[in-house]
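Enquirer: sequence and predicted model, in that order:
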Amino acid sequence: MSIEVKVPNLPESVSDATVAKWHKKPGDAVARDENLVDLETDKVVLEVPAPADGILKDIKADEGETVTEGALLGLLEEGEAPAAGDDKKDTKADKTDGDKSSSATDSDSKPTPAAKAEAKAGQDDLAPSVRRLVGEHGVDPSGVEASGRGGRLTKGDVLAHLKGAGPRPEERVKMSRLRSRIAERMKDAQNTAAILTSFNEVNLQAVMDIRNRYKDDFLKRHDVKLGFMSFFVKACSEALRKHPVVNASIDGDEIVYHGFQDIGIAVSTERGLLVPILRDAHRMGLADIEAAIADYAEQARKGTIKLEDLQGGTFTITNGGVFGSLLSTPLLNMPQSAILGMHAIKERPIAENGQVVIRPMMYIALSYDHRIIDGKDAVQFLVAVKQALEDPARMLLGL
């Protein structure tokens, strides 16, 4: 009996999805609840499991197609799949019969180089244009240097091989739904807000001393590592309390002052940048913050994070320092009015009590919407963050 595989219920506010990747092809055996296909929305990837044991009979929506809720993705023939040993036996029998029937007619003819290359290309799962090119010129794909994504052979690779020149590869890849959405939001931020960035630097010696002193006990007690981000979240929460306009947003001709702090933490994934939200961050302890960030980061990289965990937020923190960035001007995460950029920690000489000493220093940047945040508020906010981090004991004690 054939079973229809359909697009499941999509998250609220999501109208459609893109077929990202089929994990099975027609004729493949599948087990109940095994992931058949990935659907990509603007934020998350949805897995569509097999509704029963059987064989994938047909694919009705190819990779790259846009589908809506309830749309037909494919057909599954319910039932137990043939055992692997039976398949091999049948294949061997077919090959033997084929050899006997063709030996009399094909003994005087041999495959041309082009035919051999064509067969080889088919086995390598080449793009149609590449398959035609290697077939026409009798090129063995295994002897051509591949430069495409994932080690795939491109048309440019084959042409360069034929000319005997160095490769000049080009590959066109359609933007993913997430990348398109990121591009749209970034451009919207530039076109809408009057973005300005202010900078300061922070001496992180006191934070590092606390981490080095208590990190082992912290890990044993809370089963999570004590990182830098929790200190920055706490410092920003304190600064947002003192300067509420930085936590505000614009709605039409009104300024919305939020009486809570939902802080987004930018997480880089293979699919692009995601910003999960720490709800009521001002009420969270260091252990709660670290645990939530670690959990969100894992979900984001696996593509299992929920859409509601990415929506909302009143302020964002992004850490380019993990990639080595020394200084940057982060873009706003609209409709928020400010974002804090963290950067790499570098040991630098500074003046301290009349003496030149070496300290672990970090540049911090605040990009803000100058339509509602004045320069004074932005600078004072950064100073408040700096003071909280340079004297974390006062911050943690609520002084």
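Expert: In hand now; what should we look at?
Enquirer: quick one: the strands in the stretch 201-350 of the chain, in order.
Expert: 249-251, 254-256, 263-265, 267-269, 272-274, 277-278, 315-319, 338-342, 346-352 (DSSP state E, counting those that start in this stretch).
Enquirer: err, the stretch 51-200 of the chain, not the other one
Expert: Using DSSP E, counting those that start in this stretch, strands in the stretch 51-200 of the chain cover 54-59, 66-68, 72-78, 195-203.
Enquirer: neighbours around Leu396, how many?
Expert: Leu396 has 15 neighbouring residues, counting by other CB atoms under 10 Å. For every residue, glycine as well, the C-beta is placed using N, CA and C.
Enquirer: got it, and Gly70?
Expert: The burial count for Gly70: 11, using other CB under 10 Å.
Enquirer: now do the one helix or strand Leu389 maps to, average pLDDT.
Expert: Here Leu389 sits within helix 375-390, counting by DSSP states H and E. Across helix 375-390, pLDDT averages out at 97.
Enquirer: next secondary structure after it?
Expert: Using DSSP H and E, the helix or strand that follows helix 375-390 in sequence is helix 392-396.
Enquirer: quick one: low-confidence parts of the stretch 1-150 of the chain?
Expert: By pLDDT under 70, the low-scoring segments of the stretch 1-150 of the chain are 80-125.
Enquirer: all helices for it, in order.
Expert: Assigned by DSSP state H, counting those that start in this stretch, the helices in the stretch 1-150 of the chain fall at 84-106, 113-123, 128-137.
Enquirer: can you give me the domain assignment for this protein?
Expert: According to automatic domain parsing, the chain comprises the domains 2-78, 110-174, 178-396.
Enquirer: chain center to the last one: distance?
Expert: By that I understand domain 178-396. Here domain 178-396 is found 19 Å from its chain centre; the criterion is CA atoms, centre = their mean, to the nearest Å.
Enquirer: end-to-end on stretch 164-176?
Expert: Terminal residues of stretch 164-176 lie 34 Å apart, using CA to CA, to the nearest Å.
Enquirer: quick one: mean pLDDT for it?
Expert: Computed over stretch 164-176, the average pLDDT equals 75.
Enquirer: biggest strand in this structure, by residue count?
Expert: Using DSSP state E to define each element, the chain has its longest strand at strand 355-369.
Enquirer: partner strands of that one and their direction?
Expert: Strand 355-369 has the following strand partners under DSSP bridges: strand 195-203 (antiparallel), strand 338-342 (antiparallel), strand 346-352 (antiparallel).
Enquirer: any chance of JSON lines for those, columns mean pLDDT, mean neighbour count and distance to Tyr257?
Expert: Output for those, formatted as JSON lines (pLDDT from 0 to 100; neighbours: other CB atoms under 10 Å; distance: least, CB to CB, whole Å):
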{"stretch": "strand 195-203", "mean pLDDT": "97", "mean neighbour count": "18", "distance to Tyr257": "20"}
{"stretch": "strand 338-342", "mean pLDDT": "98", "mean neighbour count": "25", "distance to Tyr257": "13"}
{"stretch": "strand 346-352", "mean pLDDT": "95", "mean neighbour count": "11", "distance to Tyr257": "37"}
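Enquirer: those strands: which one's closest to Asp62?
Expert: Between Asp62 and the strands paired with strand 355-369, the shortest separation by CB to CB is 38.4 Å, and it involves strand 338-342.
Enquirer: could you give the angle of that closest one to strand 315-319?
Expert: When axes from the mean of the first three to the mean of the last three CA atoms, to 10 degrees is applied, the directions of strand 338-342 and strand 315-319 differ by 20 degrees.
Enquirer: what's strand 338-342 in contact with?
Expert: Counting by CB atoms under 8 Å, 6 or more residues apart in numbering, strand 338-342 makes contact with 228, 232, 236, 246-247, 315-321, 328-333, 362, 364-369, 373, 378, 381, 385, all of which sit outside it.
Enquirer: just the CA trace of that strand, in CSV.
Expert: C-alpha atoms of strand 338-342 as CSV (Å, rounded to 0.1, in the frame of the first residue of the first chain):
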residue,chain,number,x,y,z
ALA,A,338,21.6,48.1,20.1
ILE,A,339,24.1,45.2,19.9
LEU,A,340,27.3,44.6,21.8
GLY,A,341,30.3,43.2,19.9
MET,A,342,33.0,41.3,21.8
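Enquirer: what angle separates it from helix 375-390?
Expert: Using the same axes, to 10 degrees: strand 338-342 against helix 375-390 is 40 degrees.
Enquirer: picking that back up, quick one: the strands of the stretch 201-350 of the chain as CSV, columns for distance to Leu76 too.
Expert: Below are these laid out as CSV (distance: least, CB to CB, whole Å):
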stretch, distance to Leu76
strand 249-251, 47
strand 254-256, 49
strand 263-265, 40
strand 267-269, 30
strand 272-274, 31
strand 277-278, 37
strand 315-319, 43
strand 338-342, 46
strand 346-352, 56
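Enquirer: which residue lies closest in space to Val14, excluding its sequence neighbours?
Expert: Spatial nearest neighbour of Val14, excluding adjacent residues (CB to CB, 6 or more residues apart in numbering): Thr41 at 4.9 Å.
Enquirer: just His161 next, same as before
Expert: Among residues not flanking His161 along the chain, Val144 sits closest, at 4.6 Å (CB to CB, 6+ apart).
Enquirer: Glu347 is in contact with Met362, isn't it?
Expert: No: the pair Glu347 / Met362 is not scored as a contact, 10.8 Å apart, by CB atoms under 8 Å.
Enquirer: please, where are all the helices along the stretch 151-300 of the chain?
Expert: 155-163, 177-192, 205-222, 229-242, 286-302.
Enquirer: related to what we said a few turns ago, and the contacts of strand 338-342, which of them are buried?
Expert: Buried by 16 or more other CB atoms under 10 Å: 228, 232, 236, 246-247, 315-321, 328, 330-333, 362, 364-369, 373, 378, 381, 385, out of the contacts of strand 338-342.
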